[in-house]
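Participant: below: sequence and its predicted model.
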Amino acid sequence: MKRTIRQVLHALRAWWQYLAAPCRRAALRSRTGLRVHLGCGGDKLPGFVNIDYRPASAADVVMDLNRPRFARGSVAFAFSNAFFEHLYRDSRMPHLQAMREAIEPTGVICYIGIPYFRNIARQYVDRGPGTAGPLFDLFNVYRYTHGNPEQAPTWWIGQLHKSLFDEEELSSLLNEAGLGSHVMFAYAHPDDTNPVSVTMGFYATRARASEAALRKDCLAFLDPFDNNRIVLKSLTWLTVG
Ligand SMILES: C[S@@+](CC[C@H](N)C(=O)[O-])C[C@H]1O[C@@H](n2cnc3c(N)ncnc32)[C@H](O)[C@@H]1O
């Protein structure tokens, strides 16, 4: 009985989220200085507008981020965790270009939790320690390459990973999208069986900035996430070429 009531309340909430979505998106377009959390799922970040394409439990606004719809220059900071790899491959560039247009001249885009294929492949070939279980076996690989979408039977397409990344791929996407500067990093996740650096992230600015300044600002931003979303002591900077 309790379960049925919960299911009905959940369905009503989802309907309300869908009905309210156009008004909420319109309201968002009249605001400036936004801090947005993209692909939030159930992870509500205080101080951010939490956004997902489905009426997830943490979502303040429902928006398909294959094509973000923010007003030009309205976003001060865009953050995401375990999101970018869920976009369609041919939506990655339009997404980044739209986010570049959306951020203020001093704006920042920081995405973390992106599967880092170079180290994923290396861990598998070297039979290294796993992030789910003792050995980095094919199931470990599958979680990163495909996102293990069976865990989300009602929205598996959203959970499916549609891209793989390494430093060259990410860097060329960011440059082509017209971001002024960026730094990239690899790191381990605190919930994993073994602290293996198979996840990557980037911190990019619309304006040009020195690498030293970006690294410093990036670490300051990530510090509150230490040991909850990221093991900061495992972080290594990634460069191309
Ligand atoms: C792996 S979950 C991560 C959730 C959360 N960021 C976290 O770290 O717990 C990926 C999230 O991205 C969302 N997502 C996938 N495709 C999306 C899209 N096109 N637009 C917005 N959100 C999307 C999914 O609904 C899901 O909530």
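Facilitator: Ah, there it is.
Participant: contact residues of this structure facing the ligand?
Facilitator: 39-41, 43, 52-54, 56, 64-66, 81-83, 86-87, 158 (CB under 6 Å from any ligand atom). No exception for glycine: its C-beta is placed from N, CA and C like everyone else's.
Participant: looking at this protein, which strand is longest?
Facilitator: strand 103-115 (DSSP state E).
Participant: which strands and helices sit next to it?
Facilitator: strand 75-81, helix 92-102, strand 199-205, helix 211-222 (3 or more CB pairs under 8 Å, 6 or more residues apart in numbering; DSSP states H and E).
Participant: now for the third one, which elements pack on it?
Facilitator: Under the contact definition 3+ CB pairs under 8 Å, 6+ apart, strand 199-205 sits against strand 103-115, helix 167-176, strand 181-188, helix 211-222.
Participant: tell me which of the ones you listed lies nearest to Gly128.
Facilitator: strand 181-188 (12.0 Å; CB to CB).
Participant: mind listing what's buried in the longest helix along the chain?
Facilitator: Criterion DSSP state H: the longest helix present in the chain is helix 2-28. Using 16 or more other CB atoms under 10 Å as the test for burial, helix 2-28 gives Ala14, Gln17, Ala21, Arg24, Leu28.
Participant: buried among the residues of the chain next to the ligand? Make that a ChimeraX selection.
Facilitator: Here is the ChimeraX command that selects the buried residues among those (16+ other CB under 10 Å):
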select :39,40,41,43,52,53,56,65,81,82,83,86,87,158
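Participant: which of the residues of the chain next to the ligand fall in strands?
Facilitator: Those of the residues of the chain next to the ligand lying in strands (DSSP E): Asp52, Asn81.
Participant: quick revisit: direction included, what does the longest strand of the chain pair against?
Facilitator: Strand 103-115 has the following sheet partners, assigned by DSSP bridges: strand 75-81 (parallel), strand 199-205 (antiparallel).
Participant: out of those strands, nearest to Lys233?
Facilitator: The nearest among the strands paired with strand 103-115, by CB to CB, is strand 199-205 at 14.3 Å.
Participant: between that closest one and helix 167-176, how many degrees?
Facilitator: 20 degrees (axes from the mean of the first three to the mean of the last three CA atoms, to 10 degrees).
Participant: between strand 181-188 and strand 199-205, find me the angle.
Facilitator: 160 degrees.
Participant: with only the CA atoms kept, save strand 199-205 in CSV.
Facilitator: C-alpha atoms of strand 199-205 as CSV (Å, rounded to 0.1, in the frame of the first residue of the first chain):
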residue,chain,number,x,y,z
THR,A,199,37.7,9.3,-14.8
MET,A,200,38.5,12.7,-16.3
GLY,A,201,37.3,16.3,-16.2
PHE,A,202,38.0,19.7,-17.5
TYR,A,203,37.8,23.3,-16.3
ALA,A,204,37.3,25.8,-19.2
THR,A,205,36.8,29.5,-19.4
